[in-house]
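# Can you look at this prediction? I've put the sequence above it.
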Amino acid sequence: MFRWLNLLLLLFCIIKYRETTNVGNISIHVTGQKGENATLPCNIEAIFRLILTSQSKNILVCENKECKTENDRVFKKGSCDIIIKDLIYSDAGKYILKVHYTNTLEPQIREYHLQIHDDISVKKGEQLKLDVLLSNAYKVERNSSEGWTEVWTRGHGVNSDRLTDRDGNLTINEFTANDTGTYRVLDSNNETLITVTVTVTESRTDSGSPGERTDDTEHTAVYWFWSVGLPVILLALVGVIVFVVIKKPQCLNRLYSLPPDQNAGL
């Protein structure tokens, strides 16, 4: 009798342990701005070790931000939070974190989907190169007045005559205002990897170096000179000439009207 009770108790403990372990297998969406930091939260205490993978590759996690390794952009904070510094486009995607307790056999699993945002401003006529790493993408969409439309798909290539696929990146040679909008890169599960908002710069700002001006500034200066400056200068010269012509006879008349003794002193 006691034997059967022990077996039932053991079976209950095993089932309860499995349920507890499965509760930890959760999926978390994380967003970050390119060039900044992102945190993969964990919130688990008393861990023995952790393993971080992405695209079936193990990622070395530094114990702190002062760690100096080949991949010192990824380090642990607190008990098991993961910090990724200086985000780049290739950091986007799926991460698996296995957290091992000190007193358990199977790890808890955290699954993360990291999405990266970026903002780009381009001057009209310049080249726009979207370094979105198409090797990890399934399709690229652009948000316009017509909604989200596909501009690139795997196996088909570009769907827009404004774009070219060069070295695994999308390029617009001569950017126009019609090319503005939000571009997003999606994976095969229709999860967003990268979002890039592109705006147009009407005029190039000053470079900050003394004596340097943009083409727009030079064009404005030339226009001002021919339309305003030169007419004012010519008008001033005409005024001087008219003044001299009018005043000279008056001066001569005053001179001849003086008494002889005063003229002699002049």
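Great, that's in hand.

# In the protein, where is pLDDT below threshold?
Residues of the chain meeting the criterion pLDDT under 70: 1-25, 46, 69-71, 102-105, 203-226, 228-229, 242-245, 247-266.

# Now do the domain split for it, please.
Following automatic domain parsing, one gets these domains for the chain: 17-115, 124-201.

# can you map out the helices along the stretch 151-266 of the chain?
All helices of the stretch 151-266 of the chain, identified by DSSP state H, counting those that start in this stretch, fall at 215-224, 230-256, 260-265.

# residue contacts, Gly181?
Residues in contact with Gly181 (CB atoms under 8 Å, 6 or more residues apart in numbering) are 142-144, 197-198. In short, each C-beta sits where N, CA and C put it, glycine included.

# same thing but 6 Å
Going by CB atoms under 6 Å, 6 or more residues apart in numbering, Gly181 touches 142-144.

# Quickly name whichever of the residues you listed is closest to Ile109.
Asn143 (33.9 Å; CB to CB).

# so the closest one is in which element?
Element membership of Asn143, judged by DSSP states H and E, is strand 139-144.

# Which elements pack onto that strand?
strand 147-153, strand 181-186 (3 or more CB pairs under 6 Å, 6 or more residues apart in numbering; DSSP states H and E).

# Run me through the strand neighbours of it, direction for each.
strand 147-153 (antiparallel), strand 181-186 (antiparallel) (DSSP bridges).

# Quick one, which of those gets closest to Ile84.
strand 181-186 (17.9 Å).

# So which bits of that closest one are buried?
Within strand 181-186, the residues that qualify as buried are 181, 183-186, counting by 16 or more other CB atoms under 10 Å.

# would a markdown table of the domains of the chain with distance to Ile241 be doable?
Below are these laid out as a markdown table (distance: least, CB to CB, whole Å):
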| stretch | distance to Ile241 |
| --- | --- |
| domain 17-115 | 64 |
| domain 124-201 | 47 |
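
# Ok, which of the ones you listed comes nearest Leu234?
Comparison of those against Leu234 by CB to CB identifies domain 124-201 as nearest, at 36.2 Å.

# gap between the two ends of the closest one?
One end of domain 124-201 sits 7 Å from the other (CA to CA, to the nearest Å).

# just to revisit the earlier point, make CSV from the contacts of Gly181 and add neighbour count and distance to Asn169 to it.
As requested, the contacts of Gly181 are exported to CSV (neighbours: other CB atoms under 10 Å; distance: CB to CB, whole Å):
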residue, neighbour count, distance to Asn169
Arg142, 24, 15
Asn143, 14, 19
Ser144, 14, 21
